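> fold the following, please.
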Amino acid sequence: MRLDGMHHITMITGDAQRAIDFYAGLLGLRLVKQTVNFDAPEAYHLYFGDEHGTPGSILTWFEFRGAQPGRAGAGMVHTIELGVAGRTALDFWEQRLGEHGHACDRASRDSLKLADPDGLSLELVTADPRNPALNARHEAISDGNAIMGVEGARAYISRPLQTDAPLLTDTLGFTEADTGGGYLLEGHSRRFRWTYEPTGQHGLQGAGTVHHIAWHSADGDHLAWRERISSAGLAVTPVIDRDYFHSIYIRQPQGILFEIATTSPGFAIDEDPGHLGERLCLPTQHEHLRPRLERTLTPLHNPRATTTLTDQAGGR
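Below is the predicted model of the structure:
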């Protein structure tokens, strides 16, 4: 039983349309689902990824409209690493970002650092050749230059790493990397780098910060992961149906919220695969709120659709 790398990472934004314009318009990811927060249905929850919303490609955002900027600190993910094919692709992204007036830093020949409009730290890096390419289509970005999936993430800690090692290595199956603070999650089809870096800075959740990171479980292993975590003496939630996958949650010793999510049923359960992200899809438990939400949610424009998302919902 192995986790198959990362499933998704969820952030907070203060402006859903601005996030769509950046991640789908500029970076070329596909907006694969436009829904709402399970716990706060008045807030959008947007999913971006490859053409199919494949685990390992998925980045999601809760929109808390007008949220003030946050600050990454101890117990928080601070940087997300996105894979590209190599230096030629990095050259392309340095030029594309510059042409669109978006600042970036080619700190080395092998990486490109930037921040999204909310201030979230991103780094484009050469993808692990063992990771299948998870590309989305974009008319201005060739397959050779496209973002190929999420390669890794870096988090801040304030306490010694030993407090986290049993959970990562003994329970979840990470292996310790050669570099200090580094771990590797090697799944059946994908690998993921997970790195801790010390800081004395106190974090503040807000726009531009990471809410949680989810690891990818095969459907048939999900209950076994819950049992393994519980047997290790850690508090773990019951299985929660998130419509597109099933989830369990744990708070790891450094304070970071971990989720373990299944593959199925996937994002095509309520939309045609060719039209993902083109209409407002509500969680089953909130479908009765559709009339109110369609009146109150700010209409969004999907770069791959011809009309606003809420206009397309059920032909409305």
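> show me which helix runs longest in the protein.
helix 87-99 (DSSP state H).
> contact partners of the helix or strand just after that helix?
Under the assignment DSSP states H and E, the closest C-terminal helix or strand after helix 87-99 is strand 104-108. Outside of strand 104-108, the residues within contact range by Cβ atoms under 8 Å, 6 or more residues apart in numbering are 90, 93-94, 97-98, 112-114. All C-beta atoms are positioned from the backbone trio N, CA, C, and that covers glycine.
> can I get these in a markdown table including pLDDT, neighbour count and distance to residue 62?
Shown next, in a markdown table, are the contacts of strand 104-108 (pLDDT from 0 to 100; neighbours: other Cβ atoms under 10 Å; distance: Cβ to Cβ, whole Å):
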| residue | pLDDT | neighbour count | distance to residue 62 |
| --- | --- | --- | --- |
| 90 | 97 | 22 | 30 |
| 93 | 98 | 23 | 26 |
| 94 | 97 | 16 | 30 |
| 97 | 98 | 17 | 25 |
| 98 | 96 | 11 | 30 |
| 112 | 98 | 23 | 26 |
| 113 | 97 | 16 | 24 |
| 114 | 98 | 18 | 21 |
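> which secondary structure elements does the longest helix of the chain contact?
strand 104-108, strand 111-115, strand 121-126 (3 or more Cβ pairs under 8 Å, 6 or more residues apart in numbering; DSSP states H and E).
> what's the most buried one of the ones you listed?
strand 121-126 (a mean of 20; mean count of other Cβ atoms under 10 Å).
> just checking: what are the partner strands of the following helix or strand past that one?
Using DSSP H and E, the helix or strand that directly follows strand 121-126 along the chain is strand 150-157. Taking DSSP bridges as the criterion, strand 150-157 sits next to strand 76-84 (antiparallel), strand 191-198 (parallel) in its sheet.
> circling back: using PDB, list the CA coordinates for the longest helix of the chain.
Extracted C-alpha coordinates of helix 87-99, given in PDB (Å, rounded to 0.1, in the frame of the first residue of the first chain):
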ATOM      1  CA  ARG A  87      15.700  25.000 -19.600                       C
ATOM      2  CA  THR A  88      14.100  25.700 -23.000                       C
ATOM      3  CA  ALA A  89      10.700  25.800 -21.300                       C
ATOM      4  CA  LEU A  90      12.000  28.000 -18.500                       C
ATOM      5  CA  ASP A  91      13.300  30.400 -21.200                       C
ATOM      6  CA  PHE A  92       9.800  30.400 -22.700                       C
ATOM      7  CA  TRP A  93       8.200  31.200 -19.300                       C
ATOM      8  CA  GLU A  94      10.700  33.900 -18.500                       C
ATOM      9  CA  GLN A  95       9.700  35.600 -21.800                       C
ATOM     10  CA  ARG A  96       6.000  35.000 -21.500                       C
ATOM     11  CA  LEU A  97       5.800  36.300 -17.900                       C
ATOM     12  CA  GLY A  98       7.800  39.400 -18.900                       C
ATOM     13  CA  GLU A  99       5.600  40.100 -21.900                       C
END
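> still on that earlier bit, now distance to residue 286 too, for the helices and strands packed on helix 87-99, in a markdown table please.
Listed next are those as a markdown table, based on distance: least, Cβ to Cβ, whole Å:
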| stretch | distance to residue 286 |
| --- | --- |
| strand 104-108 | 38 |
| strand 111-115 | 32 |
| strand 121-126 | 31 |
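> lowest mean pLDDT across those strands, which one is that?
The minimum mean pLDDT among the helices and strands packed on helix 87-99 belongs to strand 104-108 (a mean of 91).
> show me how far that one is from its chain's centre.
23 Å (Cα atoms, centre = their mean, to the nearest Å).
> now the angle between helix 87-99 and it, please.
Here the directions of strand 104-108 and helix 87-99 differ by 150 degrees (axes from the mean of the first three to the mean of the last three Cα atoms, to 10 degrees).
> thinking again about what came up before, could you identify which of the strands paired with strand 150-157 is most buried?
strand 76-84 (a mean of 22).
> got the angle for that one vs strand 121-126?
Using the same axes, to 10 degrees: strand 76-84 against strand 121-126 is 30 degrees.
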